[in-house]
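[1] From the sequence below, what's the structure:
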Amino acid sequence: MGTGPQFARPVEEFRWLRDEHPWEDAPMRCLHVCFLRRSSRQRAGRQHARLSYVERIAGSRRAIVRRRVAELLGRPQESWWKLNKYRQGEQVTVSVAGFFPRAA
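    Now for the predicted structure:
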């Protein structure tokens, strides 16, 4: 207990499917929407990387209050993790029609 993950066999390498297949032909696709507006009440045109739950509760009570006040003033702190890990490469536009099938 407490020794970390245990794998049935050693994991020695990994593959980046994004480098092997173009978006249209990818065998596995994931639509990550962390940069989209959450509702029509959120101001249009202002995209920011919302903090994850873990980032929101991190730090002292004072830091949490400071983040909340900044949020209420319209200056929310952005997620370092999302900006540096999810927003990589050139911005592209792709079809996401497969994620939203039409209702029958």
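
[2] Point to the residue nearest the middle of the chain.
    residue 34 (4.4 Å; CA atoms, centre = their mean).

[3] ok, and the closest non-adjacent residue to that residue?
    What sits nearest to residue 34 in space, not counting adjacent residues and going by CB to CB, 6 or more residues apart in numbering, is residue 82, at 5.4 Å. Every C-beta, even on glycine, is put in place using the N, C-alpha and C of the backbone.

[4] That neighbour contacts residue 52, correct?
    Yes: applying CB atoms under 8 Å as the test, residue 82 and residue 52 come out as touching, 7.4 Å apart.

[5] the more surrounded of those two?
    residue 82 (18 against 13; other CB atoms under 10 Å).

[6] neighbours of residue 51, just the number please.
    Look at residue 51: counted by other CB under 10 Å, it has 19 neighbours.

[7] Let me know the secondary structure of it.
    With DSSP: H, G, I helix; E, B strand; the rest coil as the basis, the three-state label of residue 51 is coil.

[8] before we move on, the earlier item: model confidence at the residue nearest to the centre of the chain, what's the number?
    pLDDT recorded at residue 34 is 75.

[9] Repeat that for residue 45.
    Here, the pLDDT recorded for residue 45 equals 64.

[10] Then the one 10 residues further on?
    Looking at residue 55, its pLDDT stands at 88.

[11] so who does it touch?
    Applying CB atoms under 8 Å, 6 or more residues apart in numbering, we find residue 55 in contact with 79-81.

[12] Please apply the same query to residue 99.
    Neighbour list for residue 99: residue 31 [criterion: CB under 8 Å, 6+ apart].

[13] C-alpha coordinates for the biggest helix by length in the chain, CSV please?
    Longest helix of the chain, by residue count under DSSP state H: helix 61-72. Taking Å, rounded to 0.1, in the frame of the first residue of the first chain, the C-alpha atoms of helix 61-72 are listed here in CSV:
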residue,chain,number,x,y,z
ARG,A,61,-7.2,30.4,2.7
ARG,A,62,-5.9,33.8,1.8
ALA,A,63,-4.8,32.7,-1.7
ILE,A,64,-8.2,31.1,-2.3
VAL,A,65,-10.0,34.3,-1.3
ARG,A,66,-7.7,36.4,-3.4
ARG,A,67,-8.4,34.2,-6.5
ARG,A,68,-12.2,34.4,-5.8
VAL,A,69,-12.1,38.2,-5.5
ALA,A,70,-10.1,38.5,-8.8
GLU,A,71,-12.7,36.2,-10.4
LEU,A,72,-15.6,38.4,-9.2
